[in-house]
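Asks: fold the following.
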Amino acid sequence: MIFNLTDQQKVNYTRIIAVLAILVLMLYAPKLWISTKIFPVIPLFDWLPIPTNPLDYILAIFFFGIQIVYIFQNKRWQGITIIVLYLYLALVDQNRLQPYFYQSILTILMIEIFPKKTNYKKVLYAVILVFFATYFWSGIQKLNHSFYVQWLSALNKHFSCVANSNSALICLPQKFLEIFTYAVPWLEALMGVLLLFNKTRKFGIVFVLSMHGIITFLLFYLGYGYNVVPWNIQNMFSVVIIFWTLKTTNALAFFAEFFDKQKIVALFFTCILPFANFTTGFYDNLLSFHFFTADLNYYNIVLNDELEDSLPEHIKAFYRYKNSSAYLNVNEWAQYDNKVLFYPEERIIKSLDAYLRSFAKNPQEKGLTELVIYNHEGE
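Replies: Sure, this is the predicted structure:
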């Protein structure tokens, strides 16, 4: 029974669910994992060798296949191979650093950094830190003006009969929508905290299940964002498996008990790096559990007339026009081929900009392109 699991079984089932989520999402977005496609591959370092056809297909198939084997055999070398191969593939194309892949790989890392004969409670506590960080930091990172503006706008669109009397799902008072908007970051951060205490753990589980259930329903209702559905289902099952019967002496046990080099690794990824991102901006946002916080920048790239005529036909197919100027909506272009959003870091958009400019006679010419942030308009 799911409510009578040993620590080892909890770890094993969580591992299997994490791998299944990756596999489902790879099937949903197969072109993300190959290099020969319309959307350009953007490596972290220019000197990294980028595999081309057929090697890129071989690597993608091997990455997919070894995960299937790992589900059934559960060998440590298989888990480490998956982590290393994902790291390489993500370095080759940073658009593979999507939050749902990252959380699953981080979960596998928290398991495989321990030798097989380790006390499974130690392993479980390391995995728990990943789920604590997912909810706590995701909530904390939502404490920004952009989130409040965009979240309230979305609520008004679907739940306010004053603003949208014909299209609202249900009618909720405007004051409630405003209060709820400002409460969301704290509620989500609270979910992570509630999971740490025996007396509040089941409340935390109910909150988590409710949040993911509502999100999944809305994604199907709205007809987009299907790539996030497996991630929501993954977390729903994992949280119940890990936390429902869990009993601890105190909440600090997850952070301080079994303190060794593996615990330091777990704390580094789930506490230190997210805190550094929150306070200084150091480390990538999405790798710091900066999930759906609305403050990340997404771009249109406006093209001058020369570059508009110079780009290849497969790129011209994505032109949109505003005030007679051609532009590329980077997310629209990325989602067509990769089925995921463009990775929202400044270095990535600058690399894409340089790629587009390379088709001009003089790539260094000023005014070839203009980077325009489109998701904060009207804030």
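Asks: spatially central residue in this structure, please.
Replies: Pro99 (1.6 Å; CA atoms, centre = their mean).
Asks: count of neighbours near the closest residue to Ile373 other than its chain neighbours?
Replies: Distances taken as CB to CB, 6 or more residues apart in numbering put Asn297 closest to Ile373, at 4.9 Å, once the chain neighbours are dropped. (Glycine included, C-beta is placed from N, CA and C.) For Asn297, the number of neighbouring residues by other CB atoms under 10 Å comes to 15.
Asks: roughly how far apart are Asn297 and Phe289?
Replies: The span separating Asn297 from Phe289 equals 18 Å under the rule CB to CB, to the nearest Å.
Asks: kindly report the same for Gln141.
Replies: Relative to Phe289, and taking CB to CB, Gln141 is found at 7 Å.
Asks: neighbour count winner among these two?
Replies: Neighbours of Gln141 and Phe289, each counted by other CB under 10 Å, are more numerous for Phe289; the result is 29 against 25.
Asks: was I right about the more buried one contacting Phe132?
Replies: No: judged on CB atoms under 8 Å, Phe289 makes no contact with Phe132 at a distance of 9.8 Å.
Asks: Ser210: which element?
Replies: Assigning secondary structure by DSSP states H and E places Ser210 in helix 201-222.
Asks: just the residues contacting the helix or strand following that helix, thanks.
Replies: Toward the C-terminus, helix 201-222 is succeeded by helix 229-243 as the next helix or strand (DSSP H and E). By CB atoms under 8 Å, 6 or more residues apart in numbering, the list of residues contacting helix 229-243 from outside reads 2, 5, 10, 13-14, 17-18, 20-21, 24-25, 28, 99-100, 103-104, 124, 127-128, 131, 134, 195, 201, 204-205, 208-209, 212-213, 215-216, 219-220.
Asks: return the distance of helix 229-243 from the chain's centre.
Replies: Per CA atoms, centre = their mean, to the nearest Å, the displacement of helix 229-243 from the mean C-alpha position of its chain is 15 Å.
Asks: begin at 33, not 1, for the rest of this chat.
Replies: Shifting the count to begin at 33 puts that one at helix 261-275.
Asks: report the buried residues of the next helix or strand after that helix.
Replies: Following the chain from helix 261-275 toward its C-terminal end, the next helix or strand by DSSP H and E is helix 285-288. Within helix 285-288, the residues that count as buried by 16 or more other CB atoms under 10 Å are 286-287.
Asks: I'd like the next helix or strand past helix 285-288.
Replies: Counting by DSSP H and E, the element after helix 285-288 in chain order, helix or strand, is helix 293-299.
Asks: and the contacts of that next one?
Replies: When contacts are taken as CB under 8 Å, 6+ apart, the neighbours of helix 293-299 outside the stretch itself are 141-142, 145-146, 154, 157-158, 161-162, 287.
Asks: show me just the buried residues among the residues you listed.
Replies: In terms of neighbour count (16+ other CB under 10 Å), the buried residues within these are 141-142, 145-146, 154, 157-158, 161-162, 287.
Asks: quick one: the worst-scoring helix or strand of the chain on mean pLDDT to helix 233-254, angle?
Replies: When the helices and strands of the chain are compared on mean pLDDT, DSSP states H and E, helix 177-191 comes out lowest with a mean of 88. Comparing the axes of helix 177-191 and helix 233-254 via axes from the mean of the first three to the mean of the last three CA atoms, to 10 degrees yields an angle of 70 degrees.
Asks: show me what helix 177-191 is packed up against.
Replies: Applying 3 or more CB pairs under 8 Å, 6 or more residues apart in numbering; DSSP states H and E, one finds that helix 177-191 makes contact with helix 206-226.
Asks: what are the buried residues along the helix it packs on?
Replies: Using 16+ other CB under 10 Å as the test for burial, helix 206-226 gives 209, 213, 216-217, 220-224, 226.
Asks: want to throw those into a markdown table with distance to Glu402?
Replies: Putting the buried residues of helix 206-226 into a markdown table (distance: CB to CB, whole Å) gives the following:
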| residue | distance to Glu402 |
| --- | --- |
| Leu209 | 36 |
| Thr213 | 32 |
| Val216 | 34 |
| Pro217 | 33 |
| Glu220 | 35 |
| Ala221 | 37 |
| Leu222 | 42 |
| Met223 | 41 |
| Gly224 | 40 |
| Leu226 | 46 |
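Asks: just put those residues in JSON lines and tack on distance to Gln110 and pLDDT.
Replies: Supplementary listing: the buried residues of helix 206-226 in JSON lines, determined by distance: CB to CB, whole Å; pLDDT from 0 to 100:
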{"residue": "Leu209", "distance to Gln110": "48", "pLDDT": "90"}
{"residue": "Thr213", "distance to Gln110": "44", "pLDDT": "94"}
{"residue": "Val216", "distance to Gln110": "39", "pLDDT": "95"}
{"residue": "Pro217", "distance to Gln110": "38", "pLDDT": "96"}
{"residue": "Glu220", "distance to Gln110": "34", "pLDDT": "97"}
{"residue": "Ala221", "distance to Gln110": "35", "pLDDT": "97"}
{"residue": "Leu222", "distance to Gln110": "37", "pLDDT": "97"}
{"residue": "Met223", "distance to Gln110": "32", "pLDDT": "97"}
{"residue": "Gly224", "distance to Gln110": "30", "pLDDT": "97"}
{"residue": "Leu226", "distance to Gln110": "34", "pLDDT": "97"}
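Asks: nearest to Tyr359, out of those residues: which one, please.
Replies: Distance from Tyr359 was checked for each of these by CB to CB. The minimum falls on Thr213, at 30.7 Å.
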